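Peer 1: next come a sequence and a model predicted from it.
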Amino acid sequence: MSNSSKDFFQCPSCNSIYVLPSDKAQKCEACQHSPIEKLTGRFILRCKTCGLTQNKNSFVQLHGDSHLTCQASNCSGQVKSILIGARQSRQNKVKRKSLLGFNTQLPPEPPRKRKLAAKSSQEAAAFAETLAAQPKPKIKKSAFLPFPVIEDEDLDSSTSTSTDPQKSAPSFTPFPVPQAAASSTMKSHASIQPGDKLRIDSSQFEVIEKIGTGGMGSVHKLRNIETGQITALKEFYYSRFHDPESGNNFCEKYWTREAQISDLQNESPEKSMKYVGKLHLTEFHNPEYYIFLEFIDGVPLDTWYGQKFTDLSHLTIGTLRTMIKEVLMPITRHMYYCHQKGIIHRDLTVQNIMIVTDPEIGLYPIIIDWGVAKEISLDSMYNPRKPYYVSATPEATGIRNRGTPPEVMAGFEPIATTDIYMLGHIMFYLFSGGNYASAAATNEDFVLHPGDYNPNLPQEFNKLVEYMTQYEPADRMADMVKVYDALQWLYDTSGKLEHPNLVEKDKNYYLYCDYNQGFLALPPQTIINIGRDEILKVGRTHDMDGHLFNALIPTDEGRFSFQLYIDNDVAYIRDISSPMGTFLSQLTMPNQQVYNNVAIKGLDNVSIELSEANLGNMIIEVPFLAPDNKSYRIPFKIYSQEVE
C-alpha cells in the first residue's frame, strides 16, 4: 500500500469497509456496530453491484474515514472484500454469519482446484483464437473559396499532456435508462441520475436520462428548467483517469482541455456543436467534472448511411455527388478552421459525425466528441518531416481504432494530415458501400482503395482516397484546402457522368497573361503555339512588354514557349522548346506525371481537368533570366471567359 499509516477495516456485522489510521478504533457508521476489525492478509476489493475490482492504492489516497463505495462514478455500489486463500476466507465467512444469527454448520470444505493440464490450456488458447477470429459487430454509434485566413494567435498548449487514455469503444453507445422521479432540490449525492438538478451561471438544468456511455465517461440529456431547451451533459469518470504508477489523476486536465477546444471549435462559420459551459463539484469523495454541450438532434453518419444505402446499387453518381456537397465539403471547411486554430480532432470517425436533417435547409453534418483532440502549434501543423517515424520514443500513447492513421497508432505527434487520413477513411466508408478499413499488416495496407469493394466507383474517387491515406504524412494532401479543392473538382467533373446524354455547349476558354493582362482565345481541338508575338498582340497594358519580349520564344521555325490543346474540358500542355522548362502550380489534383511546382519540360501532353476549382487557380509559369541575372516566372492562367 502506498500509505503505511492507514489500513483497511471491515464491519463484521454489515461488511462496510473503511480506510483508517492503523491505531484508530471506531464503530461502524452504517450499523453502529463496535468495534470494526482490521483486514489482514492478502485480499482484493470488489463492488457488489457492478463487479468492478477496486484499486486499493487509489482508495487510500482518495477516501477518508467514511465507508467506501465503488470507484465508478456511475455506480457507487457497496464494496466487499475477498480474502485470497480458501481456508482463511471460509473462516471469516463463518464468523460473520454467526454474528448475524445464521447456522454456523457449513458443508465440508471442497477440495482445492488443481491447475489445468497443458492440453486444457492449449484448448483454451485455441478457443480464444477462434473467438478473436469472429467478425466484430459494427458499433452503432454555400461552399466558399478561397478559405478565410485565420490570424488569431496559437492556442496555449500548456494544458496538453503526452499521455492519452485509450478509448475502449469509439464515441458513446446509446442505451435506455429508466427515468426517476424529479427531485425538487439540487443534486446532493455522488454521481448523477435522472431527476438530479444542476446549475451553471444563472441556468438550472434537470437530468432526463442517460443517452450514452463510453470508457472514460457518459452522456446525459438535460432540460433547461426555465426555457425547456434540451442540452447534453458529458460526465467524466474521475477514477478512470487515475495513473496507478505515479498516483496522479489527469481528469481535470482532460476536462479543461476538452472544454477549451469545444468552445474554440464552435466559433467556426460552419455549423458545429455549441459549447454551453462546464461544472466542477468538490463536495463528494471523488471530485466530479461535467461539460454542458448543445444536444445534437441527429443520427451518427454510419446509422444514416446504413438506413439509406443498403447495397451498392444505391450508390449512384448522383448520390456520391450529394454526399460530397452536403457531407464531406462542410466537414472539410470546419476542420480547416480548427487546424488554423491549432486543433487536431484525432478521432474523426463515422460515429463522431452526426447527420442533422432540417426541413428548411436539408441535411448537414456536425462533428462531435472532441475528447481526444490535441492542441499543437501552427509551426508543427504543416510540412511534416519524411520519414515521419524517426523518433526513438513516441510522443503520446497510441490510439487504435478503425481508420486510425499510422502516426496516431504508433503514438507520434498528430498533425493536419492526421485528420486528412481519417477523413479519407470516412470517404472510403461512404464510397465502398459501408466498409471499414481492415487491420494493416504492412505499410502499403494503410493506403485505402474503395474501388476494391465498389467496382462501379469512378477511378477519380478511388484516387482521391488513395492520395489522402498514404502511409507517410508528407505524401498525403498538404491541408484541408487541397482536400476541398479536390472534392470540388470531383463534384464538377462527375456531373457529366451523372448526365451522360446531356449535350453541353462548348465553353470558350482563354489564356490570361498576368504581365500585360492579355486574354488569348483557345479554340477547342486546335493546337496553339504560345510564344512572344501571340502574347504581346493581345495585351491590354504594355508596361511589362520588355520582360515578355526577353522571356518568351517567338513562334518561328517550329520554336515556341509551350503548346496548348483543349478537348472536352481537358487542357493538354506540352513544353519542348523553353530553355528552363514550364512549371505548373496550384493544381487541385495533379496527375501521376506532374506535381505542384514541377517543370513539365520533356513530358508529352500533360493533361489538366478544367474544373471550376482549376479555372483561374492553376498557374502555368514560364521562367526566364532577367538582365539582373535573377530568375523570374511569367504566370498564365486559364479562364472560361474574359474577365473585366
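Peer 2: Done, it's in.

Peer 1: and the longest strand for this structure?
Peer 2: strand 203-213 (DSSP state E).

Peer 1: mind listing what's buried in the helix or strand following that strand?
Peer 2: Using DSSP states H and E, the helix or strand that follows strand 203-213 in sequence is strand 217-224. Buried residues in strand 217-224, counted by 16 or more other C-beta atoms under 10 Å: 217-223. In this view, the C-beta of every residue, glycine as well, is placed from N, C-alpha and C.

Peer 1: now strand 217-224: mean pLDDT?
Peer 2: The pLDDT scores in strand 217-224 average 95.

Peer 1: residue 286 - nearest residue in space that isn't next to it in sequence?
Peer 2: Once flanking residues are discounted, residue 286 sits nearest to residue 238: 4.4 Å by C-beta to C-beta, 6 or more residues apart in numbering.

Peer 1: let me know the closest of the buried residues of strand 217-224 to residue 354.
Peer 2: Closest approach to residue 354 among the buried residues of strand 217-224 (C-beta to C-beta): residue 219, at 12.2 Å.

Peer 1: and the gap between the closest one and residue 71?
Peer 2: Counting by C-beta to C-beta, to the nearest Å, the gap from residue 219 to residue 71 is 20 Å.

Peer 1: go on, residue 477?
Peer 2: For residue 477 relative to residue 71 (C-beta to C-beta), the value is 45 Å.

Peer 1: if you count what's nearby, which of these two comes out ahead?
Peer 2: residue 71 (26 against 22; other C-beta atoms under 10 Å).

Peer 1: and the pLDDT for the more buried one?
Peer 2: Looking at residue 71, its pLDDT is 71.

Peer 1: nearest spatial neighbour of it, skipping sequence neighbours?
Peer 2: Nearest one to residue 71, counting by C-beta to C-beta, 6+ apart, is residue 239 at 3.9 Å.

Peer 1: pretty sure that neighbour is in a helix, no?
Peer 2: Yes - the assignment for residue 239 is a helix, going by DSSP: H, G, I helix; E, B strand; the rest coil.

Peer 1: picking up where we left off before, contacts only, for the residue nearest to residue 286.
Peer 2: Counting by C-beta atoms under 8 Å, 6 or more residues apart in numbering, residue 238 makes contact with 73, 249, 251, 286-289.

Peer 1: now, those that are in strands?
Peer 2: 288-289.

Peer 1: and the contacts of residue 238, which is closest to residue 330?
Peer 2: Using C-beta to C-beta, residue 289 is the member of those that lies nearest residue 330, at 30.8 Å.

Peer 1: could you double-check that that closest one lies in contact with residue 259?
Peer 2: No - Residue 289 is beyond contact range of residue 259, at 9.1 Å (criterion: C-beta atoms under 8 Å).

Peer 1: between these two, which one's more packed in?
Peer 2: residue 289 (24 against 21).

Peer 1: the helices in the stretch 351-500 of the chain, which residues?
Peer 2: In the stretch 351-500 of the chain, the segments counted as helices under DSSP state H, counting those that start in this stretch are 378-381, 406-409, 416-432, 459-468, 480-498.

Peer 1: which residues are contacting the second one?
Peer 2: Residues from elsewhere that reach helix 406-409, judged by C-beta under 8 Å, 6+ apart: 346, 388-389, 398-400, 413-415, 418, 440, 443, 446, 471, 473.

Peer 1: which of those residues are buried?
Peer 2: Among these, those buried by neighbour count (16+ other C-beta under 10 Å) are 346, 388, 399, 413-415, 418, 446, 471, 473.

Peer 1: how would you label residue 44: helix, strand or coil?
Peer 2: Three-state call for residue 44 (three-state DSSP): strand.

Peer 1: what's the pLDDT at it?
Peer 2: Value listed for residue 44 in the pLDDT field: 77.

Peer 1: tell me what it is bridged to.
Peer 2: When assigned by DSSP bridges, residue 44 has beta-bridge partners residue 82.

Peer 1: confirm for me that it is in contact with residue 79.
Peer 2: No - if you go by C-beta under 8 Å, residue 44 and residue 79 don't touch, sitting 10.3 Å apart.

Peer 1: returning to what we had before: which one of the helices of the stretch 351-500 of the chain is the most hemmed in?
Peer 2: Burial of the helices of the stretch 351-500 of the chain is given as mean neighbour count (mean count of other C-beta atoms under 10 Å); helix 416-432 ranks first at a mean of 26.

Peer 1: just the CA trace of that one, in CSV.
Peer 2: The C-alpha coordinates for helix 416-432 follow below in CSV (Å, rounded to 0.1, in the frame of the first residue of the first chain):
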residue,chain,number,x,y,z
ALA,A,416,-3.1,18.3,-40.1
THR,A,417,-2.6,15.3,-42.4
THR,A,418,-3.7,13.1,-39.5
ASP,A,419,-7.2,14.4,-39.7
ILE,A,420,-6.9,14.2,-43.5
TYR,A,421,-6.2,10.5,-43.3
MET,A,422,-9.2,9.9,-41.0
LEU,A,423,-11.4,11.9,-43.4
GLY,A,424,-10.0,9.7,-46.2
HIS,A,425,-11.2,6.7,-44.2
ILE,A,426,-14.7,8.2,-43.9
MET,A,427,-14.7,8.7,-47.7
PHE,A,428,-13.6,5.0,-48.0
TYR,A,429,-16.6,4.0,-45.9
LEU,A,430,-19.0,6.1,-47.9
PHE,A,431,-17.7,5.2,-51.4
SER,A,432,-17.2,1.5,-50.7
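
Peer 1: for it, packing partners?
Peer 2: helix 301-308, helix 317-323, helix 329-340, strand 343-344, helix 459-468, helix 480-498 (3 or more C-beta pairs under 8 Å, 6 or more residues apart in numbering; DSSP states H and E).

Peer 1: rank the ones you listed by pLDDT, which is bottom?
Peer 2: helix 480-498 (a mean of 87).

Peer 1: got the angle between that helix and helix 416-432?
Peer 2: Using axes from the mean of the first three to the mean of the last three C-alpha atoms, to 10 degrees, one finds that helix 480-498 and helix 416-432 are set 20 degrees apart in direction.
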